[in-house]
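J.: What would the 3D arrangement of this be:
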Amino acid sequence: MAAAHAALICRLQAGDKVVASRALFGSCHYIISELLPRFGIETHFVDGTDYNQWEQEIGDKVTVTFLESPSNPTLEIIDIGRVAELTHAAGGKLVVDNALASPVVQKPLQLGADVVIYSATKHIDGQGRSLGGAILGPHEIVEEKLSNIMRRIGPALSPFNAWLMVKGLETLDLRVERHSRNAHQIAVLLANDPRIANVLYPGLATHPQHKLAKKQMRDGGTVITFELDGGKERAFRFLNALEVADISNNLGDAKTLITHPATTTHQRLEEEERARLGISDGMVRLSVGLEDPIDLIGDIERALSA
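T.: Residues are numbered from 1 along each chain as shown. So this is what the prediction gives:
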């Protein structure tokens, strides 16, 4: 989260305005909803796919806009270019959290974003070995705004962790391609299973923003979110029955990982806010790994029958 915080705070001061999509990773939501206002920074949330809301809240002047696309965990796809145009017209900069897509699947800087952030712990490392983040942007932001913050408040990787991330980059494209191929195969299976109430995967034609995903993403990505009837009890029974997939909040790992967002990544949110975001007690988020898809499908089938 140091990357998200540093990317925002390096451009902000008391009296500035931030407009963000509502569907964010829990800790990003905390930074914008609770931390920034302590320092006199005005913050607003919008429905990320409602561009009238973006236009209204941005108004004539904004300092920073912030979004995730795909969002965590509901995989909402936002038109990055459209939000960038609105932001730039009001004199602001757009920061995009691209962690779920990875730099292989989506390139926000080419779509109009000014700054892109990553949790490098995820796809970039790819094996759950180290914590880290990355911030990408032009010289005027990285060198003139960000570098002073990084030097003085200390959100810096250790040399060893940085080396691990660099080594991870060498195989990133190959790994993400396999992740995505496995994920699409499993998403199709889940979408046709009557035991699954709802499947969210940008690569499926049933996804609400599928056409937009095809336009700005290389493929459907590595993460699938789906909902089980029966609430938390049913979701936990499914999770505990898995043998190949591990229960973990991480994603983008070589191993298939699964989590229950309502009690982990988004547990800080009030129940009403989770419902507003579409995060139900029966929802699980599956980060598909590099295993043989036959093994993964068999594991999911067994767990669904538990």
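
J.: so where do the strands sit in the stretch 1-150 of the chain?
T.: Using DSSP state E, counting those that start in this stretch, the strands assigned to the stretch 1-150 of the chain run over residues 17-21, 42-46, 64-68, 93-97, 115-119, 133-136.

J.: Format the ones you listed as CSV; extra columns: mean pLDDT and distance to residue 197.
T.: Backbone N, C-alpha and C define where each C-beta goes, glycine included. Below are the strands of the stretch 1-150 of the chain laid out as CSV (pLDDT from 0 to 100; distance: least, CB to CB, whole Å):
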stretch, mean pLDDT, distance to residue 197
strand 17-21, 98, 24
strand 42-46, 98, 27
strand 64-68, 98, 24
strand 93-97, 98, 27
strand 115-119, 97, 29
strand 133-136, 95, 34
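
J.: could you redo those as JSON lines and give each row distance to residue 286 and mean neighbour count?
T.: What follows is the strands of the stretch 1-150 of the chain, written out as JSON lines (distance: least, CB to CB, whole Å; neighbours: other CB atoms under 10 Å):
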{"stretch": "strand 17-21", "distance to residue 286": "22", "mean neighbour count": "25"}
{"stretch": "strand 42-46", "distance to residue 286": "27", "mean neighbour count": "19"}
{"stretch": "strand 64-68", "distance to residue 286": "18", "mean neighbour count": "27"}
{"stretch": "strand 93-97", "distance to residue 286": "20", "mean neighbour count": "26"}
{"stretch": "strand 115-119", "distance to residue 286": "17", "mean neighbour count": "26"}
{"stretch": "strand 133-136", "distance to residue 286": "23", "mean neighbour count": "20"}
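
J.: Reformat the ones you listed as CSV; add distance to residue 220.
T.: Listed next are those as CSV, based on distance: least, CB to CB, whole Å:
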stretch, distance to residue 220
strand 17-21, 20
strand 42-46, 25
strand 64-68, 16
strand 93-97, 18
strand 115-119, 19
strand 133-136, 23
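
J.: Select, out of those strands, the one closest to residue 149.
T.: strand 133-136 (10.0 Å; CB to CB).

J.: quick one: the residue found closest to residue 53 once you drop the neighbours it is linked to in the chain and residue 72, what's the gap?
T.: Nearest in space to residue 53, with sequence neighbours left out and distances taken as CB to CB, 6 or more residues apart in numbering, is residue 46 at 3.9 Å. Distance of residue 46 to residue 72, computed by CB to CB, to the nearest Å: 17 Å.

J.: swap in residue 138?
T.: The spacing between residue 138 and residue 72, counted by CB to CB, is 26 Å.

J.: and if you look at residue 25?
T.: From residue 25 across to residue 72, the span is 4 Å (CB to CB).

J.: The two: who's more crowded?
T.: Here residue 25 and residue 72 are set side by side on neighbour count (other CB atoms under 10 Å), and the busier one is residue 72, at 24 against 21.

J.: The more buried one contacts residue 119, doesn't it?
T.: No. Taking CB atoms under 8 Å as the definition, residue 72 is not a contact partner of residue 119, at 9.8 Å.
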